[in-house]
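Novice: A predicted structure for the sequence below; I have some questions about it.
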Amino acid sequence: MAEQKVIRPARNVSGVIRLPGDKSISHRYAMLAAIAEGATRLGNFSTGADCASTLDCLRALGVEWERSESVVTIQGRRRQLQAPTVPLDCGNSGSTMRMLTGILAGQDFSSELVGDPSLSRRPMARVIAPLQAMGAEISAADGTHAPLRITGRNLDAINYKMPVASAQVKSAVLFAGLFAQGETRVEEPVRTRDHGELALRAFGVEVGQRSDGISIVGGQRLQGMEATVPGDLSSAAFFLCAAALFPESQLILNDLGLNPTRSSLLDLLASMGLRISITQLEEHHGELTGTVQVEGGELRGAVIQSPFTEKLIDEIPVLAAIAAYTETGIEIRDARELRVKESDRIAALAANLRAMGADVEERQDGLKIPGKQSLHGTEIDSFGDHRIAMAFAVAALRAEGETVIKGAGAAVVSFPGFFEVLEGVVQR
């Protein structure tokens, strides 16, 4: 992650790209494939280090899999994993740690989940609490942080009202519900990504959807399947925002995931002035994909607040990074969750924008970044955070002079090859 990248100013963005598989979907497909009957074949599986951590953990749990370029084939173990002989290393992946805990809670052995220093600082109490309520024995170093030690038990179904919106926690509880007696129900304060529910259905599980929550009956069997993972919309955000910086930009993104629980990004960018059209819309295993064509325009500002903050939580870094170039600026509210991501993203965004000459107001739960500002190239710190590294590569495209991004190698967590793909569509 110590790698540095030099980003030079651009005059526009143009080209055709296909993005790596969606990270959120890849995690969930791999975990459910591990406890399914038979083989599962997944095309366009995420190339990111986070999803590689999930695969490595599954191998340590006795799951056989092989990878050929972007295709991963996983041999299911029919709900029963193998007791690991070493701690399960989740690397930098909160998705791996939180969601895999849900599956491990229903196994008949003990296991330990560890992570890198960044992951070890991220809150895990939100997933520990509901799983303990189901009967699992889970301990953490200080009650809330990794390493997590899990002793699987016979689980009981619960009705869980989530205090904090989190698609990862929702999936963890539903995954645990597969091993519980009775019907497990989860109620969300705000609707979050539904990739977990769709993935369960793709593997043959009946998932109930009611106005008061999502439910699953324990004891159901999963059947291996074949799927192609849609292109990652969160990764697309960087290219969409890059195109938004230049009125003459024209960019086409093929086979992009367009799940309605993720589409707030496209709606927001369209409201800000980016011209967006969608063609070749298809549905596979409940997930929508399509071709997205964008053209630059005059970029207006926006106010991002709940409930849209939760829906845009992964895209906020790049939106904040381009905020100074908009007409009226961007104000971000209700985003305290950003302080406990791979870095304190609110502090990281404020520090780097100021280093580039921007006026920024940092708040406990967000940022206010005025528009019509000019930024200059400088040395930027990624803080070891993949989304910060990529966000400021985009901001640097319209800055005056060169920008050096320290720790640019952090991008490998979600998007190896990001800088090469970006360079391929930049016009100078």
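Specialist: Nice, thanks for sending it over. Numbering: from 1, shown residues only.
Novice: Count the neighbours of residue 168 for me.
Specialist: 23 (other C-beta atoms under 10 Å). Any C-beta I mention is one placed from the backbone N, CA and C, and that applies to glycine too.
Novice: what about the helices in the protein?
Specialist: 23-34, 49-60, 94-104, 125-133, 167-177, 195-202, 233-244, 264-272, 308-311, 316-321, 345-355, 386-395, 418-425 (DSSP state H).
Novice: and the last one, how far out from the chain's middle?
Specialist: Here helix 418-425 shows a centroid-to-chain-centroid distance of 20 Å under the convention C-alpha atoms, centre = their mean, to the nearest Å.
Novice: Ok, the fourth one next?
Specialist: Centre-to-centre, helix 125-133 and its host chain are 21 Å apart (C-alpha atoms, centre = their mean).
Novice: Quick one: mean pLDDT over that helix.
Specialist: When pLDDT is averaged over helix 125-133, the result is 97.
Novice: Likewise for the last one?
Specialist: Model confidence over helix 418-425, given as mean pLDDT, is 97.
Novice: what's that helix in contact with?
Specialist: 5, 13-15, 17, 235, 238-239, 242, 251, 390, 393-394, 408, 411, 415 (C-beta atoms under 8 Å, 6 or more residues apart in numbering).
Novice: Residue 262: which of those is nearest?
Specialist: Nearest to residue 262 among the contacts of helix 418-425 is residue 235, at 11.6 Å by C-beta to C-beta.
Novice: so how many other residues sit close to residue 271?
Specialist: For residue 271, the neighbour count with other C-beta under 10 Å is 10.
Novice: Spatially, which residue comes closest to it, not counting chain neighbours?
Specialist: Ranked by C-beta to C-beta, 6 or more residues apart in numbering and with sequence neighbours excluded, the top spatial neighbour of residue 271 is residue 302, at 6.8 Å.
Novice: Can you tell me the number of residues neighbouring that neighbour?
Specialist: Quick note: residue 302 (other C-beta under 10 Å) scores 19 neighbours.
Novice: What distance do you get for it to residue 107?
Specialist: 45 Å (C-beta to C-beta, to the nearest Å).
Novice: and what of residue 59?
Specialist: For residue 59, the distance to residue 107 - C-beta to C-beta - is 16 Å.
Novice: Neighbour count: the two, which is higher?
Specialist: residue 107 (21 against 15).
Novice: is it true that the more buried one touches residue 84?
Specialist: No: the criterion here is C-beta atoms under 8 Å, and residue 107 misses it with residue 84 at 10.0 Å.
Novice: Contact partners for residue 206?
Specialist: With the criterion set at C-beta under 8 Å, 6+ apart, residue 206 makes contact with 216-217, 220.
Novice: domain ranges for this protein?
Specialist: With domains defined by automatic domain parsing, the chain comprises 5-21+230-427, 23-228.
Novice: Would you work out how far apart the start and end of the first one are?
Specialist: This points to domain 5-21+230-427. Taking C-alpha to C-alpha, to the nearest Å as the measure, domain 5-21+230-427 stretches 18 Å from start to finish.
Novice: Kindly report the same for the shortest one.
Specialist: From its first residue to its last, domain 23-228 covers 12 Å (C-alpha to C-alpha).
Novice: Do I have it right that residue 410 meets residue 391?
Specialist: No: counting by C-beta under 8 Å, residue 410 does not reach residue 391; the two are 11.2 Å apart.
Novice: where in the stretch 1-150 of the chain is pLDDT low?
Specialist: For the stretch 1-150 of the chain, applying pLDDT under 70 flags the ranges 1-2.
Novice: for it, what spans make up the strands?
Specialist: Under the criterion DSSP state E, counting those that start in this stretch, the stretch 1-150 of the chain contains strands at 5-7, 12-18, 39-43, 64-68, 71-75, 88-89, 110-114, 137-140, 148-151.
Novice: Check the stretch 251-400 of the chain too.
Specialist: Under DSSP E, counting those that start in this stretch, the stretch 251-400 of the chain gives strands at 275-284, 287-295, 302-304, 330-332, 361-363, 366-369, 379-381.
Novice: May I see those organised as a markdown table, with mean pLDDT and distance to residue 166 added?
Specialist: Formatted as a markdown table, the strands of the stretch 251-400 of the chain follow (pLDDT from 0 to 100; distance: least, C-beta to C-beta, whole Å):
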| stretch | mean pLDDT | distance to residue 166 |
| --- | --- | --- |
| strand 275-284 | 96 | 26 |
| strand 287-295 | 97 | 20 |
| strand 302-304 | 98 | 18 |
| strand 330-332 | 98 | 19 |
| strand 361-363 | 98 | 22 |
| strand 366-369 | 98 | 18 |
| strand 379-381 | 97 | 27 |
